[in-house]
Structures are given as structure tokens and as C-alpha cells.
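Q: Got a sequence here, can you build the structure:
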Amino acid sequence: MTQAQNPAPAVLSQDDLKTLVGQAALKYVVPGEIVGVGTGSTVNKFIDALASMKDQIKGAVSSSVASTERLQALGITVFDCNDVAELSVYIDGADEVDPKGYLIKGGGAALTREKIVAAQSRQFVCIADESKLVKTLGKFPLPVEVIPMAINRVTRQFEAMGGTVVVRLKDGAPLVTDNGQYILDVTGLHIVDPLGFESQVNQWPGVVTVGVFAFQKAQVCLIGAAGGVKTLTF
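A: Numbering: from 1, shown residues only. Have a look, this model is predicted:
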């Protein structure tokens, strides 16, 4: 991993840091092409910044309904993923980033679509604040998108690993993803082998995808810190 840093004011709020990395990600957008766009509060800052160069790109492929609506509201054309062969870059946030660029994602419940768009992109640029940096993945609740009929069985499999599982709720009922499925949030895990873990859990019947991004890890992470934007490359 290599690291570089750009200067910035010493006192910045978390919202300021998100704005900073969102703007910094613009330099990875290739003019004349379609950009992959993720989901979440940090990505919203990138989308707002992207509007400043919307006339220089063909448009975007989005990983969620929420991001699609925000892009379209700013006048950015959104393409269906199936209509685009390859993307030059995918810009998205993360809930955890380890020293090798492996991630936990899915706090915004868009992990399956995020993984699809990441896999379709030549480069994955992650944008986050420094609180997301960890030595080992697992402190943040691990999101897992599951088919509803498999909830109890998948829960038992995680409990056998030492995990504690809850179904993510919204307004007192299970949150339903853009794909019509549910999210399990798993705590108590210590993911020392992200590649092996992702491969194992993704093979469990009923799991749509797990929120470990190891096979689709980041090549670059732009980290908002008190001293500015740190660029981590893997």
C-alpha cells in the first residue's frame, strides 16, 4: 500500500471530510465516458460534485434507486447496467477499509448492486473518512442480503461462526432492498481471510451476497482526514 496526502484546513467536520473526498474523486472520472456511482452519504457528496462536470461525461450507471434519483435530479443521464459493457471507474464509499483494500459495504443496503457495478469497472475508487480504516474487518455490522425464506437457516450458520444476527428494520418492519430481499446485520465476527470468507458465505443457499468486498476490492481509497485527503493505493 502506498500513501500520499494533500493539505487541507486542520479542523473539519465529518460532513466536511465527505465533501472533500467527494470532490477529490472527480480526478478519477474519465471525460467522455460513463462513470459507475455507488450509494450512501459520502457518495452523495461525489454526485453533487459530479454535477459540475456533467457536460464532460456521457452519464452514469448507478447502484441504487436513491443514487439514480439524485443523479437524474442534477441532470446526469443514468444508464441501465445491462446497456454498458464496461466502466472505466466506479466511485463508492465503504463502512470499513482494511490495509489491503478489502472492504465491508452495505450500510445503505445496496451491496448487491454495488458489487455488480464494481465488477463491471476497470478501477474501484473508494471514498471514506479516516474512521473507516481498520486493521481487521468485522467491527462494523456485516450486511448480508438474503432471500426471506432463508433468514433462519443463514442466521444459524453465522451463529455457528460466533456471530450475532439481527434482521435490519425500517419503520418497525424488515427493510426491503431494491432487489426485494432482506438484510441481516452480523456482529461478533473477526474476518482475517476476506477472500475465503466472501467465497464461503456467498455459496450458502439463500444468500444473495455478503457485504465483504474482497474479490471486488478497492484499488484506490481516498481517505478524508484532519490533514486533508490521503490517497491509499493497493
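Q: switch to C-alpha atoms for all contacts and neighbour counts from now on
A: Fine.
Q: what sits against residue 33?
A: Contact analysis of residue 33 by CA atoms under 8 Å, 6 or more residues apart in numbering lists 57-59, 87-88.
Q: switch to 10 Å and redo it
A: Counting by CA atoms under 10 Å, 6 or more residues apart in numbering, residue 33 makes contact with 56-60, 86-89.
Q: List only those of those residues flagged as buried.
A: Neighbour-count burial (16 or more other CA atoms under 10 Å) applied to these gives 57-60, 86-89.
Q: would you turn the residues you listed into CSV with pLDDT, secondary structure and distance to residue 101?
A: Below are the buried ones among the contacts of residue 33 laid out as CSV (pLDDT from 0 to 100; DSSP: H, G, I helix; E, B strand; the rest coil; distance: CA to CA, whole Å):
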residue, pLDDT, secondary structure, distance to residue 101
57, 98, coil, 27
58, 98, coil, 29
59, 98, strand, 27
60, 98, strand, 24
86, 96, coil, 22
87, 98, strand, 20
88, 96, coil, 19
89, 98, coil, 16
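Q: Looking at these, spot the one nearest residue 47.
A: Checking the buried ones among the contacts of residue 33 against residue 47 by CA to CA gives residue 60 as the nearest, at 10.0 Å.
Q: Thought residue 86 was touching that closest one, still the case?
A: No: when contacts are counted by CA atoms under 10 Å, residue 60 is not listed as touching residue 86 (11.6 Å).
Q: just to revisit the earlier point, with the buried ones among the contacts of residue 33 in mind, which one is nearest to residue 183?
A: Lowest distance from residue 183 to those (CA to CA) belongs to residue 60, with 25.9 Å.
Q: what sits against residue 187?
A: 138-143, 158-159, 162-166.
Q: so what's it bridging to?
A: Taking DSSP bridges as the rule, residue 187 bridges to residue 164.
Q: In strands, which of the contacts of residue 187 fall?
A: Of the contacts of residue 187, the ones assigned to strands by DSSP state E are 142-143, 164-166.
Q: re earlier: out of the contacts of residue 33, the closest to residue 133 would be?
A: The closest of the contacts of residue 33, once distances to residue 133 are taken by CA to CA, is residue 89, at 21.8 Å.
Q: any low-confidence regions in this protein?
A: Filtered on pLDDT under 70, the chain yields the residue ranges 1-10.
Q: How are the helices of it distributed by residue range?
A: Along the chain, counting by DSSP state H, helices occupy 14-24, 41-50, 65-73, 111-119, 151-160, 194-202.
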